[in-house]
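Asks: Please find the sequence and the predicted model below.
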Amino acid sequence: ETSDVFASTFGSSFDTVLYLGSTCGEDDIHCYDNYSAGVAQAYVRGTELAAGTYFITVDGKGDSQHGSYVLDVYISPRDDVADACGQVAPLSLTGETGNTCGYDDDESGSCDNPISASTPERVFFIVVSSSGTRNVRFSTCDAGTTYDSLMLLRSVCNNPGSEVACNDDGESLCSSDPTLSMVDATLGPGIYYLFIDAYGNTAGECGAYRITTTGM
């Protein structure tokens, strides 16, 4: 079926380049080098790929770049952008804004409402460079968030067992509204996946959000 693909090499030991192509070794769909000035690994996204065979090539940036690599690949049936692991987007570290209404309910966290209620979510990724651990905070304690938000953080996008942190209510830390969420985590090098969700007081609970990130 028509699907979206997300692949990354974060955590590899050398300066990687990724190709996504319809022919082995080619990059006719996408090619990506450095994620940022401080991160020499890469990711590629293929959107609305028709059913068929595709090739992901892990390369080095120049003949001297080679070694052990980490390759993560997620494939999701085509749906709404950025609400499934095959459609994950980079989190804006200067402030991520959006709205969860109209998206799907694909994932849940350990701090979700025990009385299951379907609530839509979106997912983003962040990358911690190889410079050591960081104490990172993700917060929706902002007037731009209009509902009882919940956030969860994973090291493997589609594996609930990889959950790093989950928070429903920031309580006293969110002076504007104690029902807004705040996630604190000590993160080592690699890629992480942040879901913005709702606690699920009612089925379909959703709304506008603003996520601020500190520590990166």
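Replies: Nice, I can see it.
Asks: which intervals of the protein have sub-threshold pLDDT?
Replies: 37, 80-82, 116, 130 (pLDDT under 70).
Asks: Grab the longest strand from the protein for me.
Replies: If each strand of the chain is counted by residues according to DSSP state E, the longest one is strand 190-198.
Asks: Tell me, how many residues neighbour the closest residue to residue 162 other than its chain neighbours?
Replies: Spatial nearest neighbour of residue 162, chain neighbours left out: residue 156 (3.8 Å); criterion: Cβ to Cβ, 6 or more residues apart in numbering. All C-beta spots, glycine's among them, are computed from the backbone N, C-alpha and C. Neighbours of residue 156 under the rule other Cβ atoms under 10 Å: 15.
Asks: contacting residues around residue 156?
Replies: 72, 162, 193 (Cβ atoms under 8 Å, 6 or more residues apart in numbering).
Asks: returning to what we had before: list the buried residues of the longest strand of the chain.
Replies: By 16 or more other Cβ atoms under 10 Å, the buried positions in strand 190-198 come out as 190-198.
Asks: Could you do stretch 164-172 as well?
Replies: 164-170.
Asks: So what touches it?
Replies: 109-112, 139-141, 148, 150-155, 178-185, 187, 192, 199.
Asks: can you redo the contacts of residue 156 as JSON lines with distance to residue 121?
Replies: Compiled in JSON lines, these are given as follows (distance: Cβ to Cβ, whole Å):
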{"residue": "72", "distance to residue 121": "20"}
{"residue": "162", "distance to residue 121": "16"}
{"residue": "193", "distance to residue 121": "11"}
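Asks: and the contacts of stretch 164-172, which are buried?
Replies: Here, 16+ other Cβ under 10 Å leaves 109, 111-112, 139-141, 148, 150-155, 179-185, 187, 192, 199 buried among the contacts of stretch 164-172.
Asks: quick one: which of these sit in helices?
Replies: Among the buried ones among the contacts of stretch 164-172, the subset assigned to helices under DSSP state H is empty.
Asks: Give me the subset of those residues that lies in strands.
Replies: 139, 150-154, 182-185, 187, 192.
Asks: from those residues, which is closest to residue 103?
Replies: residue 150 (14.1 Å; Cβ to Cβ).
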